[in-house]
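A.B. asks: I would like the atomic coordinates for the input below:
(one chain, ligands or ions: 1)
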Amino acid sequence: MYDGERLLPEAQRRDFLSGVTWPQVFCVLRIRAKRVGDGKFLALCPFHSERTPSCRFWPKSQRFFCFGCHSTGDMIQFVCRHYDVTEDHFLVAEFFASLPILPLPEQLPLIPLPGRQLALIPEKR
Ligand SMILES: [Zn+2]
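C.D. replies: Numbering: from 1, shown residues only. The predicted structure follows:
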């Protein structure tokens, strides 16, 4: 179980997390996630080995929780845990500045594609 350290002050966290969506984070970390309704996402947990996705991501609170290993936290904790680093202003600032701009993730289904990018493609009817 992981419930990461929160070393950055609250005001700074809000600053980094302002306007950031999970698909932007998935894109940089190359995580394949699928939408599961209400803007929530589900993915294989990067913090323990599993074959059925049990890591859930909430859009509004910008938090995640793994039902398998009980890892939890916000986006900053997720990113730092992913890189196995402790929260550091410089690293976190660099990561969030590197996020790609994605179009309206809440309106389009997320289609994972091979390679670096996740594509956001309208659903076929
Ligand atoms: Zn897990």
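A.B. asks: So what does Gly37 look like in phi/psi?
C.D. replies: As for Gly37, its main-chain torsions (degrees, to the nearest 10) stand at phi 100, psi 150.
A.B. asks: if I look at it, how far off is the ion?
C.D. replies: Using Cβ to the ion, to the nearest Å, one obtains 21 Å as the distance from Gly37 to the ion. Backbone N, C-alpha and C define where each C-beta goes, glycine included.
A.B. asks: Bridging across strands, which residues link to that residue?
C.D. replies: With DSSP bridges as the criterion, Gly37 is bridged to Lys40.
A.B. asks: Name the helix or strand for Phe26, please.
C.D. replies: Secondary structure assignment for Phe26, by DSSP states H and E: helix 22-29.
A.B. asks: Check which helices and strands that helix sits against.
C.D. replies: Judged by 3 or more Cβ pairs under 8 Å, 6 or more residues apart in numbering; DSSP states H and E, helix 22-29 is in contact with strand 33-37, strand 40-43, helix 75-83, strand 118-120.
A.B. asks: For it, output the C-alpha coordinates as PDB.
C.D. replies: Taking C-alpha atoms only, helix 22-29 is exported to PDB below (Å, rounded to 0.1, in the frame of the first residue of the first chain):
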ATOM      1  CA  TRP A  22      -5.900  12.600 -16.100                       C
ATOM      2  CA  PRO A  23      -5.600  12.000 -19.900                       C
ATOM      3  CA  GLN A  24      -2.800  14.500 -20.000                       C
ATOM      4  CA  VAL A  25      -0.900  12.700 -17.300                       C
ATOM      5  CA  PHE A  26      -1.600   9.300 -18.900                       C
ATOM      6  CA  CYS A  27      -0.200  10.600 -22.200                       C
ATOM      7  CA  VAL A  28       3.100  11.500 -20.700                       C
ATOM      8  CA  LEU A  29       3.400   8.400 -18.500                       C
END
